[in-house]
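K.L.:
Quick one, what's the 3D model for this:
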Amino acid sequence: MRARIPVENQDTLAALRGFLKRLLETEAVEAVLVPMETPAGAVTPALVADPALLDAADPLAPVLGLNAARVVGPVTVREPRGRVAAVLRPCEYRALVELVKLQQASLEDLVTVVVDCPGTYTVPDYQKMRANGGVDRAALLAGMRTGDLAPQSGYSFRDACGMCENFAAVAGDIRVELFGADLSAGIPVVLPDDLAGHLGLEAAPEDGRRAEVVDKVTRSRVQARDAVFAEIRGRLEKEGVEGVFAACVRCHNCMTVCPICYCKTCLFKSPVMEHEPMQYMAWARRKGAYRLPADTMLFHLTRLNHMVLSCIGCGLCTDACPADLPVGRVFRAVGQQLQAVFDYVPGRSVEEPLPLITFREDEWSHVGEER
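P.N.:
Residues are numbered from 1 along each chain as shown. Coordinates of the predicted model:
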């Protein structure tokens, strides 16, 4: 059912907070997992059981320092568990779908609230904005209304956001549809009929602009994405993976922030990668020189092999890299090609099986000898 969340005094954020409070107050859920603003001004996910504390909730904060799918997993993966509503951006929801397939999260007893995303800033840029006059949320919402999205003057959206074509809420139990919306008439929301009745919401017509605006932004983002992919593929062809990632210090930051990288015991943090001193000497003598730290290319190639089919393009790996390597660009560019081979879109549907654990007799018949 399509409904509208009432907005008073043009305060969209207050209206969304009221909606989340209503979920708790009516006992539709027992807790809400939502971005919260701390007293220091940082925005971080928190599991909130007290409706009064949702006055600090900020589901519209244009900053992404952590893909929330990483914290939804521990809250949902095992029983017993509470009934939780998780407020997610589209990239976070898609990451959650992949984690469910990998048996690292569960959708049981979970209400997903997926909110349209105009784009986000890095944590340092967001903190600078707050210190220098604040974030212009009104401009962002106005841009979502018309499709003319632009970052705040003096800043830029995160690299991944500038080429994200999956920014609109198209799945989830509850969808908050801000693109094309006239918010003076209320916030458009799509949710199950029974839940709408439980919350006291009535059916409302669609204003008709959403599809047009989403298409406009999609075309712009796809154009930017294709230019980025052409550039990074050119670099990979010319320099190879070893050249593009030459400055890697194997800090593992990209692995740590990746929402899909979930192994409890990682090969690259195990004794297998703790080589004996004389092994380094042997390599150095054989080659004349041996780059340190060791195994950086093995690290990236292994992650590509494990993660690239499920990469949802949140780009946090790029943000986390101290060497400013284009990790997210490489994963997305390689991922696009491999995902096309399997006709697989990560996060599209929880019913769509992972290609790497799905056997098909007719698969790859065009490679090698055909039968």
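K.L.:
how much space between the residue of the chain positioned farthest from its centre and Tyr93?
P.N.:
Here the chain reaches farthest from its C-alpha mean at Arg285, the gap being 44.6 Å by CA atoms, centre = their mean. Taking CB to CB, to the nearest Å as the measure, Arg285 falls 52 Å from Tyr93. Backbone N, C-alpha and C define where each C-beta goes, glycine included.
K.L.:
cool, and Pro188?
P.N.:
As defined by CB to CB, Pro188 lies at a distance of 18 Å from Tyr93.
K.L.:
go on, Phe299?
P.N.:
In terms of CB to CB, Phe299 sits 28 Å off from Tyr93.
K.L.:
Tell me which of the two has more neighbours.
P.N.:
Each of Phe299 and Tyr93 has its neighbours counted (other CB atoms under 10 Å); Tyr93 has more, 26 against 21.
K.L.:
Specify the local secondary structure of the nearest residue to the more buried one once chain neighbours are set aside.
P.N.:
Nearest residue to Tyr93, sequence neighbours excluded (CB to CB, 6 or more residues apart in numbering): Val114, at 4.8 Å. When classified by DSSP: H, G, I helix; E, B strand; the rest coil, Val114 comes out as strand.
K.L.:
Repeat that for Gly180.
P.N.:
At Gly180 the chain is in coil, as set by three-state DSSP.
K.L.:
Please identify the buried residues of the helix or strand hosting Gln223?
P.N.:
Using DSSP states H and E, Gln223 sits within helix 210-244. Judged by neighbour count (16 or more other CB atoms under 10 Å), helix 210-244 contains these buried residues: 210, 213-214, 216-218, 220-221, 225, 228-229, 232-233, 235-236, 241, 244.
K.L.:
Ok, stretch 322-333 next?
P.N.:
Neighbour count says stretch 322-333 has 325-333 buried, by 16+ other CB under 10 Å.
K.L.:
Only the C-alpha atoms, please, for it, written as PDB.
P.N.:
The C-alpha trace of stretch 322-333 is given here as PDB (Å, rounded to 0.1, in the frame of the first residue of the first chain):
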ATOM      1  CA  PRO A 322      45.300   5.000   3.500                       C
ATOM      2  CA  ALA A 323      47.200   4.800   0.200                       C
ATOM      3  CA  ASP A 324      44.200   6.300  -1.700                       C
ATOM      4  CA  LEU A 325      43.900   3.300  -4.000                       C
ATOM      5  CA  PRO A 326      40.900   2.900  -6.300                       C
ATOM      6  CA  VAL A 327      39.800  -0.300  -4.700                       C
ATOM      7  CA  GLY A 328      36.100   0.200  -5.100                       C
ATOM      8  CA  ARG A 329      36.500   1.200  -8.800                       C
ATOM      9  CA  VAL A 330      38.500  -1.900  -9.600                       C
ATOM     10  CA  PHE A 331      35.900  -4.100  -7.800                       C
ATOM     11  CA  ARG A 332      33.000  -2.500  -9.500                       C
ATOM     12  CA  ALA A 333      34.600  -2.500 -13.000                       C
END
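K.L.:
contact partners of it?
P.N.:
Applying CB atoms under 8 Å, 6 or more residues apart in numbering, the external contacts of stretch 322-333 come out as 159-160, 163, 225, 228-229, 232-233, 236, 241, 244-245, 247-249, 251, 253-254, 300, 304, 307-308, 311, 313-318, 321.
K.L.:
ok, 7 Å please
P.N.:
159-160, 228-229, 232-233, 236, 244-245, 247-249, 251, 253-254, 304, 308, 311, 313, 315, 317-318, 321 (CB atoms under 7 Å, 6 or more residues apart in numbering).
K.L.:
Tell me where this protein has strands.
P.N.:
Here the chain has its strands, by DSSP state E, at 2-5, 31-37, 43-48, 84-88, 110-115, 174-176, 187-190.
K.L.:
Nearest to Pro271, out of the ones you listed?
P.N.:
With CB to CB, the closest approach to Pro271 among the strands of the chain belongs to strand 43-48: 33.3 Å.
K.L.:
strand partners of the closest one, parallel vs antiparallel please.
P.N.:
strand 31-37 (antiparallel) (DSSP bridges).
K.L.:
Only the buried residues of stretch 271-284, if you could.
P.N.:
Buried-residue list, stretch 271-284, by 16+ other CB under 10 Å: Trp283.
K.L.:
Identify the residues contacting Lys128.
P.N.:
Applying CB under 7 Å, 6+ apart, no residues contact Lys128.
K.L.:
10 Å instead?
P.N.:
By CB atoms under 10 Å, 6 or more residues apart in numbering, the contact list for Lys128 reads 121-122, 154-155.
K.L.:
got it, and Met273?
P.N.:
By CB under 10 Å, 6+ apart, Met273 lies in contact with 250, 266-267, 293-295, 298-299.
K.L.:
Restrict those residues to the buried ones and give me that as a ChimeraX selection.
P.N.:
Of the contacts of Met273, the buried ones go into a single ChimeraX selection, burial set by 16+ other CB under 10 Å:
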select :250,266,295,299
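K.L.:
between the contacts of Met273, which is nearest Leu54?
P.N.:
Nearest to Leu54 among those is Cys266, at 36.1 Å by CB to CB.
K.L.:
List phi and psi for the residue nearest to Arg130 when sequence neighbours are not counted.
P.N.:
Excluding the flanking residues, the one nearest Arg130 by CB to CB, 6+ apart is Gly41, at 5.3 Å. Main-chain dihedrals, Gly41, degrees, to the nearest 10: phi 100, psi -10.
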